[in-house]
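[1] Here you go, sequence then predicted model.
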Amino acid sequence: MRHYTTDSAEAISRVVALALLADGALDNREIESLSRQDIFERLRIAPTTLDRVIHEFCDDLLQCARAPNVGQIELDRELVDHLLEDIRSPELQQQTLGAMVDIVNADGCLNGSEAIVISEAMSLWGLELQRVTHTLVRPAQTSSTARPIAQSWQT
């Protein structure tokens, strides 16, 4: 895996790429969330930088990640931690985690791989979701009008 300067636009972009690819594919809704949720502005990264880093990240994954089956790449905790450790500023960690949550929630569901990446970032950075998202907390619903949890995250 190539090295980026700590707290750089490239290091942040790679963590964004990790969130985008955590479920195994680039989803148009996740890509659209980058603009819709002002992620480029919030994280002060250029779209061209993110695009370049996504390509570099994919190249690096093909060279170093474990591939138990054709077409599948597994990210282990050590590799995820290595990527997350490139962001050291508490402010950037909060902003990046908030962006990661917005990205993985863009399609309305949180799969296991996405949950693991979010959980690992929270654990490593010592953050709670309430501090980094604009979560709208609603009382529990017991009627047939209850919505999935992922929908309640959106403001």
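    Here it is on my side, so go on.

[2] The residue nearest to residue 53 when sequence neighbours are not counted: which element?
    In this structure, residue 53 finds its nearest non-sequential neighbour in residue 13, 3.8 Å apart by CB to CB, 6 or more residues apart in numbering. Every residue, glycine included, has its C-beta placed from N, CA and C. For residue 13, the host element (DSSP states H and E) is helix 9-21.

[3] Run a quick neighbour tally on the residue nearest to residue 53.
    Taking other CB atoms under 10 Å as the neighbour definition, residue 13 ends up with a count of 25.

[4] which residues does it contact?
    45, 49-50, 52-54 (CB atoms under 8 Å, 6 or more residues apart in numbering).

[5] 10 Å instead, please
    Contacts here follow CB atoms under 10 Å, 6 or more residues apart in numbering; on that basis residue 13 touches 4, 40, 43, 45-47, 49-54, 56-57, 96.

[6] Which of those ranks first by neighbour count?
    Neighbour tally across the contacts of residue 13 (other CB under 10 Å): the maximum, 28 neighbours, falls on residue 96.

[7] What's the end-to-end length of stretch 101-108?
    Across its full length, stretch 101-108 reaches 11 Å between end residues, using CA to CA, to the nearest Å.

[8] For it, buried residues please.
    Of the residues in stretch 101-108, those scored as buried under the neighbour-count criterion (16 or more other CB atoms under 10 Å) are 101-107.

[9] Which parts of the protein are helices?
    9-21, 28-36, 39-43, 47-64, 77-84, 90-104, 112-125, 129-132, 149-152 (DSSP state H).

[10] Great, nothing more from me.
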